[in-house]
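*Asks:* generate a structure from the sequence data that follows.
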Amino acid sequence: MNKYKTIFKKNILMMMILIIVLGLSFWFLDLVQRNKHINKIPLGGGFVLTNQNGEIFDSKKIKKKKLIYFGYTFCPDVCPFDILRISKVFENNPSLIEQIQPIFITVDPERDTPENLRSFLENFSSDIIGLTGNNEQIKEVIKKFKIYVKYNKSSELDSNYLVDHSSLVFLIDEKDNYLRFYRSNEFTEYKFINTLKEVL
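*Replies:* Here you go, the predicted model:
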């Protein structure tokens, strides 16, 4: 009986830690959002990764704003719906691509090869660029955007794991400086188009 109580207490503790970490992440991003001197806060920045066609992608060479979502192709529910929302915005507003580049960056580089990214993104707007890289490259980008990521592997050999991660959409400018973020479950075409008036 004591064994099960111990396991239960450990599970509760892990859940509390996860809630606290996610809460602190949202608090920090809300603080960033409200800060008038936004470019002084170290959030965002340039990155060099590999796109879904196996080509090198350098964000600094894209001379327009970028809309960035972090997720992974093996995600069973949230990520596909979030990408669909972004996809619909660009499908319904074709001229947006002239000013903003939508980007999907994986948080799961071990499984998200360029081929898997390409297969996944074929279901959405062709405007979206998918990016992957090696573990260190992805860790660096995750760190720049303060994304929470946790890999729920049962062992090192587990290839059917889920990934907990922050569900956020970031908007950065032509020089890769942070502009604002959207919680993915609140990201709508109406909200996005209206807030763009502040930055375009």
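
*Asks:* now the most centrally placed residue in the chain, what's its secondary structure?
*Replies:* Geometric centre of the chain, nearest residue: residue 70, 1.6 Å, by CA atoms, centre = their mean. With DSSP: H, G, I helix; E, B strand; the rest coil as the basis, residue 70 sits in strand.

*Asks:* where are the low-confidence patches of this protein?
*Replies:* Of all residues in the chain, those with pLDDT under 70 make up the ranges 1-41.

*Asks:* quick one, strands of it?
*Replies:* In the chain, the segments counted as strands under DSSP state E are 48-51, 56-58, 65-71, 100-106, 129-132, 149-152, 162-165, 168-172, 178-183.

*Asks:* care to break the chain down by domain?
*Replies:* Domain ranges of the chain: 1-36, 48-199, per the TED database.

*Asks:* ok, which of those comes nearest residue 42?
*Replies:* Residue 42 lies closest to domain 48-199 among the domains of the chain, at 8.0 Å (CB to CB). Placement of C-beta: from N, CA and C, glycine included.

*Asks:* next, the distance between the ends of the closest one.
*Replies:* This stretch, domain 48-199, spans 24 Å end to end (CA to CA, to the nearest Å).

*Asks:* now swap in stretch 178-188 and tell me
*Replies:* Distance between the boundary residues of stretch 178-188 (CA to CA) amounts to 20 Å.

*Asks:* list the buried residues in that stretch.
*Replies:* Neighbour counts over stretch 178-188 (16 or more other CB atoms under 10 Å) mark 178, 179, 180, 181, 182, 184, 187 as buried.

*Asks:* setting aside sequence neighbours, what's the nearest residue to the third one?
*Replies:* Taking CB to CB, 6 or more residues apart in numbering as the measure, residue 180 lies nearest to residue 171, with 5.2 Å between them; neighbours along the chain are not counted.

*Asks:* now do the fifth one
*Replies:* Counting by CB to CB, 6+ apart, residue 182 lies nearest to residue 169, which is 4.4 Å off, once chain neighbours are set aside.

*Asks:* report the contact partners of the one you found.
*Replies:* Residues near residue 169 by CB atoms under 8 Å, 6 or more residues apart in numbering: 67, 68, 69, 82, 86, 181, 182, 183, 184, 187.

*Asks:* the fifth one contacts residue 188, doesn't it?
*Replies:* No: using CB atoms under 8 Å, residue 86 and residue 188 do not qualify as a contacting pair, with a distance of 10.7 Å.

*Asks:* residue 119 is nearest to which of the strands of the chain?
*Replies:* Closest to residue 119 of those is strand 129-132 (CB to CB; 9.8 Å).

*Asks:* relative to residue 175, how far out is residue 135?
*Replies:* Relative to residue 175, residue 135 is positioned 27 Å away (criterion: CB to CB, to the nearest Å).
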